[in-house]
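Participant: Predicted model, plus sequence, below.
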Amino acid sequence: DAEITQSPRHKITETGRQVTLACHQTWNHNNMFWYRQDLGHGLRLIHYSYGVHDTNKGEVSDGYSVSRSNTEDLPLTLESAASSQTSVYFCASSGFVGNGETQYFGPGTRLLVL
Amino acid sequence: QKEVEQNSGPLSVPEGAIASLNCTYSDRGSQSFFWYRQYSGKSPELIMSIYSNGDKEDGRFTAQLNKASQYVSLLIRDSQPSDSATYLCAVKGDYKLSFGAGTTVTVRA
């Protein structure tokens, strides 16, 4: 079955370190997204991609970057981790089901920045 | 004004009752609307999508959309303990999906 996987599932890092969160999907979807979820804020879009070599900033992109070298993967990099980036990170991909585009989410990565 | 607003909850309903969840959105041009269910510590799971005005039923779930009022709702009939979760309303704009903060529902036996 097609799926989205994220790794690692849990990560503890220190302030100032570079961290990369992996996202891999086997849906063959062109569209992929990274969100962070914090209490009281819901899901907020960090970056998104509509295809290979395409990347776009979302509403909370400062301090994050992504690259898209193939259809399956969209890694998220925290250039210099900050305590404010402690959060749960979800990757998603979307495809057309029925009348519209539907997003499917990965299991999430819990990141703690000390 | 937030793009997508949900009734804040938490919402506690007895088993077998109807749970009613509400959502309003600000982008009048939005065309696609979704309800996701999220269990504690898990990822969001799509339970309903609706694209045109009116009601859409799927099992015990009914989504209602009124584009003129910029309002979408979710009814959960015959609520079960397994329905206890946070429900996220999501609205598709030009390029992205915007989410509400979620409403936590607890179904008490």
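Facilitator: Sure thing, it's come through.
Participant: For chain B, which segments count as strands?
Facilitator: Under the criterion DSSP state E, strands of chain B are mapped to B:4-6, B:11-14, B:19-25, B:32-38, B:45-50, B:54-58, B:61-66, B:71-76, B:85-92, B:97-99, B:103-108.
Participant: Tabulate those strands (JSON lines), appending mean neighbour count, distance to A:Gly51 and mean pLDDT.
Facilitator: Just so you know, the C-beta spots here come from the backbone N, C-alpha and C atoms, and that holds for glycine as well. As requested, the strands of chain B are exported to JSON lines (neighbours: other Cβ atoms under 10 Å in any protein chain shown; distance: least, Cβ to Cβ, whole Å; pLDDT from 0 to 100):
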{"stretch": "strand B:4-6", "mean neighbour count": "21", "distance to A:Gly51": "26", "mean pLDDT": "93"}
{"stretch": "strand B:11-14", "mean neighbour count": "14", "distance to A:Gly51": "40", "mean pLDDT": "96"}
{"stretch": "strand B:19-25", "mean neighbour count": "21", "distance to A:Gly51": "27", "mean pLDDT": "96"}
{"stretch": "strand B:32-38", "mean neighbour count": "22", "distance to A:Gly51": "20", "mean pLDDT": "95"}
{"stretch": "strand B:45-50", "mean neighbour count": "18", "distance to A:Gly51": "22", "mean pLDDT": "93"}
{"stretch": "strand B:54-58", "mean neighbour count": "12", "distance to A:Gly51": "31", "mean pLDDT": "95"}
{"stretch": "strand B:61-66", "mean neighbour count": "18", "distance to A:Gly51": "30", "mean pLDDT": "97"}
{"stretch": "strand B:71-76", "mean neighbour count": "21", "distance to A:Gly51": "30", "mean pLDDT": "97"}
{"stretch": "strand B:85-92", "mean neighbour count": "24", "distance to A:Gly51": "18", "mean pLDDT": "94"}
{"stretch": "strand B:97-99", "mean neighbour count": "23", "distance to A:Gly51": "18", "mean pLDDT": "90"}
{"stretch": "strand B:103-108", "mean neighbour count": "18", "distance to A:Gly51": "34", "mean pLDDT": "95"}
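Participant: Looking at the ones you listed, spot the one closest to A:Tyr64.
Facilitator: Taking Cβ to Cβ as the criterion, strand B:97-99 is the member of these that comes nearest to A:Tyr64, at 17.9 Å.
Participant: Quick one: residues in contact with the closest one.
Facilitator: Taking Cβ atoms under 8 Å, 6 or more residues apart in numbering or on different chains as the criterion, the residues outside strand B:97-99 that touch it are A:33, A:42-45, A:103, B:3-4, B:25, B:27, B:34, B:36, B:88-92.
Participant: Starting from that strand, tell me which strands it pairs with and how they run.
Facilitator: strand B:85-92 (antiparallel) (DSSP bridges).
Participant: now the angle from the strand it pairs with to strand B:103-108?
Facilitator: Strand B:85-92 and strand B:103-108 meet at an angle of 150 degrees, taking axes from the mean of the first three to the mean of the last three Cα atoms, to 10 degrees as the criterion.
Participant: List, one by one, the residues from chain B near chain A.
Facilitator: In this structure, chain B approaches chain A at residues B:31-32, B:34, B:42-46, B:49, B:51, B:88, B:90, B:92, B:95-97, B:99-102, judged by Cβ under 8 Å from any Cβ of the partner chain.
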